[in-house]
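Peer 1: Fold the following, please.
(2 chains)
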Amino acid sequence: MYNDYKDRADFLAVYIREAHPTDEWEMKKNLDENVCYAQPKTLAQRVAIANDFTQRFHFPLPLGIDAMSDLADHLYAGWPERLYVIDETGKIVYRGGLGPFNYHPNEVRAWLAHRFPAAQAKASASAPPLLASDPTTRH
Amino acid sequence: MRVLKWSLIVLVAILAIALAAGCYFMGSPRDLCGFLRFALPQWHRGDLHVGDSAPDAPLLTLDGQSTFRIRDRIGARPLVLIFGSYT
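Peer 2: Below is the predicted model:
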């Protein structure tokens, strides 16, 4: 999705507090994938984990890191994961549900396709709608 | 008395089935506990809606050296915001 629409829309990933840290709700999947981190207590720890993430997945999207006050998370109810689309006037035009159960990148893609039909036609001709390696589809 | 006994049996059976289904769906009893403790209270968190003005917040750059604001990125094109973490 990012590759299909990066020339038409801006993307910003916001790294927020961990969803499944070792000292809270660690899941078996975290152990299987060797993604084991305690909840950061300092901004430096949060920055370090965000860098580990971007380097491991060669994450191409612009990324910002939430403050230790979790202000962005609180304002947007971002935890554990959530999607929004903001239009050029600063209004929310899409608000996704609480992830992972209601995290649907396809709905964002549909909004972009509706807004940019020419780009959608090009994307459909060149690539599958969603790629497993697409960071914007990662849960 | 007999009605009470069967009511209890049915209740326990329903709870056991719900517990088993929850464990199966979440992956393990531990994950089910984590879901009930950490995720369920967040289920209806947030009061933003389509049409609301996007809130602003400062974010740190990946190098940890500077900050920018979410609304700095709003302007000429739609902005897709993706909230998440590593784990």
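Peer 1: Please compute how far the helix of greatest length in chain A lies from its chain's middle.
Peer 2: Longest among the helix segments of chain A by residue count, using DSSP state H, is helix A:43-56. A distance of 15 Å separates the centroid of the chain from that of helix A:43-56, by C-alpha atoms, centre = their mean, to the nearest Å.
Peer 1: buried sites along it?
Peer 2: A:46-47, A:49-51, A:53-54 (16 or more other C-beta atoms under 10 Å in any protein chain shown). Heads up, the C-betas are built off the backbone N, CA and C, glycines and all.
Peer 1: for chain A, where's the lowest mean pLDDT among helices and strands?
Peer 2: Lowest on mean pLDDT, DSSP states H and E among the helices and strands of chain A sits helix A:117-126, with a mean of 68.
Peer 1: ok, now chain B?
Peer 2: Here the helix or strand of chain B ranked lowest by mean pLDDT, DSSP H and E is helix B:29-34, holding a mean of 81.
Peer 1: Pull out the buried residues from it.
Peer 2: Neighbour counts over helix B:29-34 (16+ other C-beta under 10 Å) mark B:31-32, B:34 as buried.
Peer 1: I'd like to know how far the residue most central in space within chain B sits from chain A.
Peer 2: Centroid-nearest residue in chain B, with C-alpha atoms, centre = their mean: B:Ala39, separated by 4.3 Å. According to C-beta to the nearest C-beta, to the nearest Å, B:Ala39 stands 7 Å off from chain A.
Peer 1: Now for that residue: which residues touch it?
Peer 2: A:25, A:80, A:98 (C-beta atoms under 8 Å, 6 or more residues apart in numbering or on different chains).
Peer 1: dump the residue contacts of the second one.
Peer 2: Going back to what we said before, that points to A:Pro80. The neighbours of A:Pro80, taking C-beta under 8 Å, 6+ apart as the test, are A:19-20, A:98-100, B:39, B:42, B:84-85.
Peer 1: all helices of chain B, in order?
Peer 2: Using DSSP H, the helices of chain B run over residues B:2-26, B:29-34.
Peer 1: nearest to chain A, of the ones you listed?
Peer 2: Minimum separation from chain A across the helices of chain B (C-beta to the nearest C-beta) falls at helix B:29-34, 3.4 Å.
Peer 1: Name the surrounding residues that touch the closest one.
Peer 2: Helix B:29-34 has contacts (C-beta under 8 Å, 6+ apart) with A:20, A:24-28, B:19, B:22-23, B:25-26.
Peer 1: Which one of those is nearest to B:Val12?
Peer 2: B:Val12 lies nearest to B:Leu19 out of the contacts of helix B:29-34, by C-beta to C-beta, at 10.4 Å.
Peer 1: what's the neighbour count on the closest one?
Peer 2: Neighbour count of B:Leu19, defined by other C-beta atoms under 10 Å in any protein chain shown: 12.
Peer 1: Identify the residues contacting it.
Peer 2: B:29, B:32.
Peer 1: Name the residues of stretch B:41-50 that are buried.
Peer 2: In terms of neighbour count (16+ other C-beta under 10 Å), stretch B:41-50 has its buried residues at B:46, B:48.
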